[in-house]
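> got a sequence here, can you model it:
(2 chains)
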Amino acid sequence: MRDYARYLIERFGIPEEIVRKFKFVERGRSVWAFTGKIIPNKWESLGIRAFRIGKDIKPTTDFLRLIGRYATKNVVFLSNDEVNNFMRGESLKCDGELHGYVIVRTDKFILGCGFCKDGKLISMIPKRYRFQDTWI
Amino acid sequence: MNYEHFERYRDIIDDFHAFMDCLKRQVKYSIRANTILAKPEDVFSALEEKGFVLRKIPLHPRVPAAVIEDMPVKHPGATIEHFLGLYYVQELASMLPPIALSPKNGEVIVDMCAAPGSKTTEIAQIIQNEGTIIAIDSSAPRIKALVSNIQRMCSSSVLVLHRDARCTKGLEGIADKVLLDAPCSSESTIRKGVDVKLSEDIIRKMSALQKSLIRAAHRILKDSGILVYSTCTFAPEENEEVVDYAINIGFEVEKVSLPLRYENGVEEWNGKTYDSSVRNIARVYPHLDDTGGIVIARLRKVSD
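Residues are numbered from 1 along each chain as shown, chains lettered A, B, ... in the order given. Sure thing, here's the model as predicted:
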């Protein structure tokens, strides 16, 4: 099994004592992060779905919202004006030095996962969390 | 709406007139800020900046609640903050059973009828995800909603099982605490504008189901473990009678400590007399603090 704890420490600078609270369990194309005691049973969900395994390993928006406040690397701060656009799934400009998955946040709240490539921040917010016209 | 049904409680509610008046008024929305993800003051001020008018209710240090007096949207969940998991739309009375359970860090807690997850995620918030919560539900569509809410609220300490909670295979004797917010005749949902079907027959059927769930809770609990049993209905058949049954199979009733007002459980109903300790049951009537209704009992397992 991949070392998901090491990935979080190296990619985002999450302190080890935070990461080690989680047990990472692979099932199919998902990796679940659980902070409790695993009781042997056929479970529907085990904590938070933390990564999706595909062509690469993608951290989920839900998991980044949980641990993102501890991150010290690969973090993008948005202004209030940019938040709605990002939450609609639109791309924004970003620092050209950033590449790969990033944690996107405001000064107070973590928004979720983005992907930086060639100076562009691509929103990885899942469709179910994307900004609707009826929201504020 | 079948308000005549509630005449059956005229003799057991102190201010019955105020109770009936209150039932006919829609209950206000309330929310619980998610302390796993943010400071409550940041959540509340973010909503207030968008035009929400909130009346803060400090129910518990880790359950910061607010009643929505006014809002600029049709539904209180129509905000980015809701989808970021920063708060949960949950009626105030519904926040009481996890508080009565008093879950502690490191415990194994079973939520027997968990979907859609308001109380499950509230327990996770009280213990700050330091412990194990096993959330069970039997309904496939409701399990979907439960898993979705757990993800949104970042309740990383919750394991979800899709099964009938009366099936306790693999769970015997594992729980320090159990929450059984039981299926019931849901009388108090009338305040949400729900045209709930109310009848003596439904009450009787629910009482039988609740007793079988109590037996399962007894099997799941460790010795001296705590069960909080709650319903959103006022029928003594579904509350005091079920607790009286619980006493006979090996529970004792403890006093409940709640941050909202309540009346005591009733010792007699319809020709039946219950164990006197049912007086420790808390009947949270809607008119006492302008909330929904809930009846809560805190029980300790005393024998196998």
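> ok, which stretches of chain A are strands?
Taking DSSP state E, the strands of chain A run over residues A:23-27, A:30-34, A:45-46, A:48-53, A:57-59, A:75-77, A:92-93, A:100-105, A:110-117, A:120-123.
> strand partners (parallel or antiparallel) of the second one?
Right, the one you point to is strand A:30-34. As defined by DSSP bridges, the strand partners of strand A:30-34 come to strand A:23-27 (antiparallel), strand A:48-53 (antiparallel).
> can I get those in a markdown table with mean pLDDT and mean neighbour count?
C-betas here are computed from N, CA, C, even on glycine. Compiled in a markdown table, the strands paired with strand A:30-34 are given as follows (pLDDT from 0 to 100; neighbours: other Cβ atoms under 10 Å in any protein chain shown):
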| stretch | mean pLDDT | mean neighbour count |
| --- | --- | --- |
| strand A:23-27 | 97 | 15 |
| strand A:48-53 | 97 | 20 |
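> distance to B:Pro72 added to the ones you listed, as CSV?
Listed next are the strands paired with strand A:30-34 as CSV, based on distance: least, Cβ to Cβ, whole Å:
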stretch, distance to B:Pro72
strand A:23-27, 41
strand A:48-53, 31
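> write down the beta-bridge partners of the closest residue to A:Gly36 other than its chain neighbours, one by one.
Excluding the flanking residues, the one nearest A:Gly36 by Cβ to Cβ, 6 or more residues apart in numbering or on different chains is B:Thr132, at 3.3 Å. Beta bridges link B:Thr132 to B:Val108 when assigned by DSSP bridges.
> find the closest residue to chain B in chain A.
Closest to chain B within chain A is A:Gly36: 3.3 Å, counting by Cβ to the nearest Cβ.
> ok, back up a step: hang on, the residue nearest to A:Gly36 packs against A:Trp43?
No. Using Cβ atoms under 8 Å as the test, B:Thr132 is too far from A:Trp43 to be in contact (11.9 Å).
> which neighbours do the two share?
With contacts defined as Cβ atoms under 8 Å, 6 or more residues apart in numbering or on different chains, the residues shared by B:Thr132 and A:Trp43 are B:Leu159.
> report pLDDT for whichever residue of the stretch 101-250 of chain B sits closest to chain A.
For the stretch 101-250 of chain B and chain A, the shortest gap (Cβ to the nearest Cβ) falls at B:Thr132, measuring 3.3 Å. B:Thr132 is assigned 98 on the pLDDT scale.
> ok so, going back, looking at B:Thr132 and A:Trp43, which has the bigger crowd around it?
Taking neighbours as other Cβ atoms under 10 Å in any protein chain shown, B:Thr132 and A:Trp43 compare with B:Thr132 leading, 23 against 20.
> need the contact list for residue 77.
If you meant another chain, say so; for now it's chain A. A:105-107.
> to clarify, I was referring to chain B.
If you count contacts by Cβ under 8 Å, 6+ apart, B:Gly77 has them with B:Val89.
> would you list the phi and psi of it?
phi -90, psi 0 (degrees, to the nearest 10).
> output the set of residues of the stretch 101-250 of chain B in proximity to chain A.
With Cβ under 8 Å from any Cβ of the partner chain as the criterion, the stretch 101-250 of chain B comes near chain A at residues B:108, B:129-134, B:143, B:147-148, B:150-152, B:154-162, B:170-171, B:174.
> okay, the strands of chain A in JSON lines with distance to B:Leu198 next?
Converted to JSON lines, these look like this (distance: least, Cβ to Cβ, whole Å):
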{"stretch": "strand A:23-27", "distance to B:Leu198": "43"}
{"stretch": "strand A:30-34", "distance to B:Leu198": "41"}
{"stretch": "strand A:45-46", "distance to B:Leu198": "35"}
{"stretch": "strand A:48-53", "distance to B:Leu198": "40"}
{"stretch": "strand A:57-59", "distance to B:Leu198": "49"}
{"stretch": "strand A:75-77", "distance to B:Leu198": "53"}
{"stretch": "strand A:92-93", "distance to B:Leu198": "54"}
{"stretch": "strand A:100-105", "distance to B:Leu198": "48"}
{"stretch": "strand A:110-117", "distance to B:Leu198": "44"}
{"stretch": "strand A:120-123", "distance to B:Leu198": "48"}
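> nearest spatial neighbour of B:Gly60, skipping sequence neighbours?
Gly isn't right for residue B:60; it's His. Closest to B:His60 by Cβ to Cβ, 6+ apart is B:Ile99, at 5.1 Å.
> for that neighbour, what are its contacts?
Residues near B:Ile99 by Cβ under 8 Å, 6+ apart: B:59-60, B:63, B:126, B:258-259.
> on that earlier part again, list the contacts for the residue of the stretch 101-250 of chain B closest to chain A?
A:36-37, A:39, B:107-109, B:157, B:159.
> mind giving me the ChimeraX select for those, buried ones only?
Those of the contacts of B:Thr132 that count as buried under 16 or more other Cβ atoms under 10 Å in any protein chain shown are selected in ChimeraX with:
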select /A:36 /B:107,108,109,157,159
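> for the contacts of B:Thr132, point out the one with the lowest pLDDT.
Out of these, that is A:Ile39, at 90.
> what about it, distance to B:Gly170?
Taking Cβ to Cβ, to the nearest Å as the measure, A:Ile39 falls 7 Å from B:Gly170.
> quick check: phi and psi at B:Glu122.
Taking degrees, to the nearest 10 as the convention, B:Glu122 sits at phi -70, psi -40.
> check the gap between it and B:Gln128 for me.
12 Å.
> with neighbour numbers in mind, choose between those two.
When B:Glu122 and B:Gln128 are compared for neighbours, B:Glu122 comes out ahead with 29 against 13, by other Cβ under 10 Å.
> list the contacts for that one?
Applying Cβ under 8 Å, 6+ apart, we find B:Glu122 in contact with B:32, B:63, B:88, B:90, B:95, B:98.
> including pLDDT, distance to A:Gly89 and neighbour count, could these go into JSON lines?
Shown next, in JSON lines, are the contacts of B:Glu122 (pLDDT from 0 to 100; distance: Cβ to Cβ, whole Å; neighbours: other Cβ atoms under 10 Å in any protein chain shown):
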{"residue": "B:Arg32", "pLDDT": "98", "distance to A:Gly89": "28", "neighbour count": "28"}
{"residue": "B:Val63", "pLDDT": "98", "distance to A:Gly89": "33", "neighbour count": "21"}
{"residue": "B:Tyr88", "pLDDT": "98", "distance to A:Gly89": "24", "neighbour count": "22"}
{"residue": "B:Gln90", "pLDDT": "98", "distance to A:Gly89": "29", "neighbour count": "19"}
{"residue": "B:Met95", "pLDDT": "98", "distance to A:Gly89": "34", "neighbour count": "25"}
{"residue": "B:Pro98", "pLDDT": "98", "distance to A:Gly89": "35", "neighbour count": "29"}
